[in-house]
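1. what's the 3D shape of this:
(one chain, ligands or ions: 1)
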Amino acid sequence: MAQITKGIRAVLSHPAVYDFAQALMGAGRNRRWMQGAFFKARAGDRVLDVGCGTADILSVLPDVDYVGYDVSEPYIEKARSRWGSRGSFHAALLDADALGGLGEFDLVLATGLLHHLDDDEVRGLFRILIPALKPGGRIVTVDGTFVAGQNPVARWIISKDRGQNVRTPEAYAQLARESYSDVKGHLIHRNWFPYTYWVMEIGTPIEDLHQAEIHSGESETL
Ligand SMILES: C[S@@+](CC[C@H](N)C(=O)[O-])C[C@H]1O[C@@H](n2cnc3c(N)ncnc32)[C@H](O)[C@@H]1O
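-> Predicted coordinates for the structure are as follows:
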């Protein structure tokens, strides 16, 4: 069983197979709903998509100024060939240096990313995003989660995910609250293809942290 699961995970690292699996799971319908309910991107918004995969999200976004980052070169290649000038696509780990040159964003998306990162990586990501948010800007995250009473099929599917850090809603939210004071969470039970999502809308950086980052930046240059 472990061998089969490992094999499926390896196959899913191919962009075309990943997109096909997503289509089978109804990802298009999901994304449309999430854009209306949570992302709420508006034409002209600056949108940063961390862990963008093949940037399929562009199929449901209006005409935004889109920047996608993903560590996978094949996913980014596919995104470039599919979306061309609809965005800029970067095959790299997003770090503070890269972010410094990108300006500020109205919306930062991390859909299906946090459960691939360990706690320190999530903390680091949330901290480096603080200066990348426009005043009033938001981060929206979407991940599978484990909760009591969820559909056992959903739980089984989520347990087979390639990401090794699926958390409870509280554990995801706690990591966000270390850097932001406004963290709203939504638990979504999808029935037609069983899955349990935890969506977070995150805003209002904790000012002290922002100041601390600016401060440490200043002292490094002295
Ligand atoms: C489940 S996919 C989600 C892709 C896309 N956001 C979506 O909703 O379909 C997770 C993506 O995160 C990327 N990823 C994993 N670790 C990452 C990291 N440290 N930094 C950036 N991207 C990462 C993977 O390459 C993969 O494309």
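2. could you check how far Pro62 is from the ligand?
-> Pro62 is 18 Å from the ligand, where distance means Cβ to the nearest ligand atom, to the nearest Å. Just so you know, the C-beta spots here come from the backbone N, C-alpha and C atoms, and that holds for glycine as well.
3. likewise for Ala148?
-> Separation of Ala148 from the ligand (Cβ to the nearest ligand atom): 24 Å.
4. which residues of this protein lie near the ligand?
-> Taking Cβ under 6 Å from any ligand atom as the measure of proximity, the chain contacts the ligand at 50-53, 56, 69-72, 75, 93, 111-113, 116-117.
5. the residue most central in space within the chain pairs with what?
-> With the centre of the chain defined as its mean C-alpha position, the nearest residue by Cα atoms, centre = their mean is Ala110, 1.2 Å away. Under DSSP bridges, the beta-bridge partners of Ala110 are Thr141.
6. isn't it right up against Ile139?
-> Yes - counting by Cβ atoms under 8 Å, Ile139 is a contact partner of Ala110 at 6.8 Å.
7. Pro74 belongs to a strand, doesn't it?
-> No - assigned with DSSP: H, G, I helix; E, B strand; the rest coil, Pro74 falls outside any strand and is helix.
8. for Ser104, which non-adjacent residue is spatially closest?
-> I think there's a mix-up here, since residue 104 is Glu and not Ser. Spatial nearest neighbour of Glu104, excluding adjacent residues (Cβ to Cβ, 6 or more residues apart in numbering): Lys134 at 4.4 Å.
9. the one you found: neighbour count?
-> Neighbours of Lys134 under the rule other Cβ atoms under 10 Å: 13.
10. go on, the one 10 residues further on?
-> Neighbour count of Gly144, defined by other Cβ under 10 Å: 21.
11. any idea how far it lies from Lys78?
-> As defined by Cβ to Cβ, to the nearest Å, Gly144 lies at a distance of 23 Å from Lys78.
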